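Asker: Give me a model of this one.
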Amino acid sequence: MNLNELNETSRQAFKNHLGDIFEDSPWVAAKASDHRPYSTMDNLYQRMVEIVNNAPNEEKLELIRIHPNLGENIQMSDRSNREQQGAGLKDLTEEEALSFKSLNKTYADKFGFPFVFCVKGKYKGDIHQALQERVHNSQKEEFEKALAEIFKIAYFRLQEKFNGAKEKI
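Answerer: Numbering: from 1, shown residues only. Prediction:
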């Protein structure tokens, strides 16, 4: 479905089509539906980011908490599975898996939410290094960084929906 067709759909169809752009958070797409029509994918993306940014902190925190732990063999959305597979996170050695699990626990214990990182174009070593570094950040820094990473993930997912659009963030 292209953007013009999406602009013409019902609110429910719009939400169904874009409900997975923000991990298990179709409320973002539902609210974005109310601001149609969109002339470009970038306009749609900017509106979705604005919706999240204007949401109460509790909703933002819930959005962050929905994301799966990276590098752990847990149940997650098909999209998250594919993204982690592409970054080599589904092919960890036993030692790497234990390290990710330990760092993820330390991170979650400190911040109260999982480590969020846009894995597109990255590999497991990049992700592991970022996790090692970011676990030392402040709560405020990590809350903002997690949202920034979620926005990157959403952008790449929108690109995929619209057949690999060439726009960049």
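
Asker: was I right about Leu63 contacting Met48?
Answerer: No - using CB atoms under 8 Å, Leu63 makes no contact with Met48, being 11.5 Å away. The C-beta positions use only the backbone N, C-alpha and C, and glycine is treated the same way.

Asker: where do the contact lists of these two overlap?
Answerer: Listed as contacting both Leu63 and Met48 by CB atoms under 8 Å, 6 or more residues apart in numbering are Phe22.

Asker: and the residue nearest to the spatial centre of the chain, what pLDDT?
Answerer: Central residue of the chain (CA atoms, centre = their mean): Ile150, 3.5 Å from the mean position. Ile150 carries a pLDDT value of 97.

Asker: what residues are up against it?
Answerer: Per CB under 8 Å, 6+ apart, neighbours of Ile150: Phe22, Glu23, Val52, Leu63, Ile64, His67, Val116.

Asker: Can you dump the C-alpha atoms of the helix or strand hosting it in PDB for me?
Answerer: Using DSSP states H and E, Ile150 sits in helix 139-161. C-alpha atoms of helix 139-161 as PDB (Å, rounded to 0.1, in the frame of the first residue of the first chain):
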ATOM      1  CA  GLN A 139      18.500   7.700  34.100                       C
ATOM      2  CA  LYS A 140      17.600  10.800  32.200                       C
ATOM      3  CA  GLU A 141      20.200  10.200  29.500                       C
ATOM      4  CA  GLU A 142      19.100   6.600  29.000                       C
ATOM      5  CA  PHE A 143      15.400   7.500  28.900                       C
ATOM      6  CA  GLU A 144      16.100  10.000  26.100                       C
ATOM      7  CA  LYS A 145      18.600   7.700  24.300                       C
ATOM      8  CA  ALA A 146      16.100   4.800  24.400                       C
ATOM      9  CA  LEU A 147      13.400   7.000  22.800                       C
ATOM     10  CA  ALA A 148      15.900   8.200  20.100                       C
ATOM     11  CA  GLU A 149      16.700   4.600  19.300                       C
ATOM     12  CA  ILE A 150      13.000   3.800  19.100                       C
ATOM     13  CA  PHE A 151      12.600   6.600  16.600                       C
ATOM     14  CA  LYS A 152      15.400   5.200  14.500                       C
ATOM     15  CA  ILE A 153      13.800   1.800  14.600                       C
ATOM     16  CA  ALA A 154      10.500   3.300  13.600                       C
ATOM     17  CA  TYR A 155      12.000   5.200  10.700                       C
ATOM     18  CA  PHE A 156      13.600   2.000   9.200                       C
ATOM     19  CA  ARG A 157      10.300   0.100   9.700                       C
ATOM     20  CA  LEU A 158       8.400   2.900   7.900                       C
ATOM     21  CA  GLN A 159      11.000   2.700   5.100                       C
ATOM     22  CA  GLU A 160      10.400  -1.000   4.800                       C
ATOM     23  CA  LYS A 161       6.600  -0.600   4.700                       C
END
